[in-house]
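Chemist: Sharing a sequence plus its predicted fold:
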Amino acid sequence: MSGHSKFANIKHKKERNDAAKGKIFTVIGREIAVAVKEGGADPANNSKLRDVIAKAKANNMPNDTIDRGIKKAAGDANSVNYEVLTYEGYGPSGVAIIVDTLTDNKNRTAANVRSAFTKGNGNVGTPGSVSYMFDKKGQIIIDKEECEMDADDLMMLALDAGAEDFAEEEDSFEVYTDPDSFSQVREALEKESIPMLEAGITMLPQTWVELTSEEDIKKLNRILDLLDEDDDVQAVYHNWDE
């Protein structure tokens, strides 16, 4: 998996999220609610909740906001009716796009996602139409500037914990895991106080699409921006080689 850094895309996404903290906090708040409903409010006994808390901290969500979200979800568990829905489709020039959503109104979400694709000259496809071009992996991004551990020691720590691959890029270390091993690898790094810029389950493209037309780039960014603004959208994956 080495050789093609995702850090540029991650940074771009993070900068855009930093400009709209309310959006990312809403996204994480819903994930907390679902995790609590599925596995309870105690992170010690709920690995999914531990993963969401780690994601919240990586996005600078205050501890009291996290705690409030957990308590609210625990006291309100019966009213949490979010549904996980995934949409797949194509943007300009055949760029493959996967959209993960968490919604309490699937008609609204479906309409918004279709509208975003349409406005960027794309189209929503059938389930499975593009996901076969991606691999589902756990991904942990570590900013080199923030990490005090030597690269070789970090790699051994990650691999010993169960990681599949480790890559050193220009400005980051990237750890990849099987989805089932993600939690244990993340927790092993957390125990050693490794600062994580991003940590989550992601969809990694097997191949990349380059866009040479300015018009296509503009249209694809239109789709991505509209999806990014939608509170129901949890994550967007694509194979555009930015």
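Modeler: Looks like it came in fine.

Chemist: Give me the domain ranges for this structure.
Modeler: Per automatic domain parsing, the structural domains of the chain span 7-79, 83-132+207-238, 133-205.

Chemist: Just send these back as JSON lines, with mean neighbour count and mean pLDDT too.
Modeler: Every residue, glycine included, has its C-beta placed from N, CA and C. Below are the domains of the chain laid out as JSON lines (neighbours: other CB atoms under 10 Å; pLDDT from 0 to 100):
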{"stretch": "domain 7-79", "mean neighbour count": "17", "mean pLDDT": "81"}
{"stretch": "domain 83-132+207-238", "mean neighbour count": "17", "mean pLDDT": "96"}
{"stretch": "domain 133-205", "mean neighbour count": "17", "mean pLDDT": "94"}
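
Chemist: Within its sheet, name the partner strands of the host helix or strand of residue 166 and how each one runs.
Modeler: Using DSSP states H and E, residue 166 sits in strand 165-168. Here strand 165-168 has these sheet partners by DSSP bridges: strand 172-177 (antiparallel).

Chemist: outside of the strand it pairs with, which residues touch it?
Modeler: In this structure, residues lying in contact with strand 172-177 by CB atoms under 8 Å, 6 or more residues apart in numbering are 1, 5-7, 137-144, 147, 151, 154-155, 158, 162-168, 185, 189, 197, 204.

Chemist: gap between it and the chain center?
Modeler: 14 Å (CA atoms, centre = their mean, to the nearest Å).

Chemist: Going forward, count from 25.
Modeler: Renumbered: residue one is now 25, and that last one reads strand 196-201.

Chemist: any idea which helix or strand comes after that strand?
Modeler: The helix or strand immediately downstream of strand 196-201 is helix 206-215, counting by DSSP H and E.

Chemist: Mind listing residues that contact that following helix?
Modeler: Applying CB under 8 Å, 6+ apart, the contact partners of helix 206-215 are 71-72, 74-75, 78, 162, 164, 166, 181-182, 184-187, 199, 201, 220, 223-225.

Chemist: for stretch 63-79, same thing?
Modeler: 52, 55-56, 59-60, 62, 90, 94-95, 97-98, 206-207, 210-211, 214, 220, 223-224.

Chemist: Counting only helices, which of these make the cut?
Modeler: 52, 55-56, 59-60, 62, 90, 94-95, 97-98, 206-207, 210-211, 214 (DSSP state H).

Chemist: Just give me the closest of these to residue 256.
Modeler: residue 55 (12.4 Å; CB to CB).

Chemist: how much space is there between the closest one and residue 223?
Modeler: 13 Å (CB to CB, to the nearest Å).

Chemist: before we move on, what about residue 213?
Modeler: For residue 213, the distance to residue 223 (CB to CB) stands at 8 Å.

Chemist: list residues touching both of these two?
Modeler: Residues touching both residue 213 and residue 223 (CB under 8 Å, 6+ apart) are residue 164.

Chemist: May I have the strands that pair with the longest strand belonging to the chain, each with its orientation?
Modeler: Ranked by residue count and defined by DSSP state E, the top strand of the chain is strand 158-167. Here strand 158-167 has these sheet partners by DSSP bridges: strand 196-201 (antiparallel), strand 222-229 (antiparallel).

Chemist: of the ones you listed, which approaches residue 139 most closely?
Modeler: Nearest to residue 139, of all the strands paired with strand 158-167, is strand 222-229, at 22.4 Å by CB to CB.

Chemist: contacts for that closest one?
Modeler: The contact list for strand 222-229, computed with CB under 8 Å, 6+ apart, reads 25, 30, 34, 38, 75, 78-79, 82, 120, 122, 155, 157-165, 200, 203, 206, 210, 259, 261-263.

Chemist: Appreciated, that's everything.
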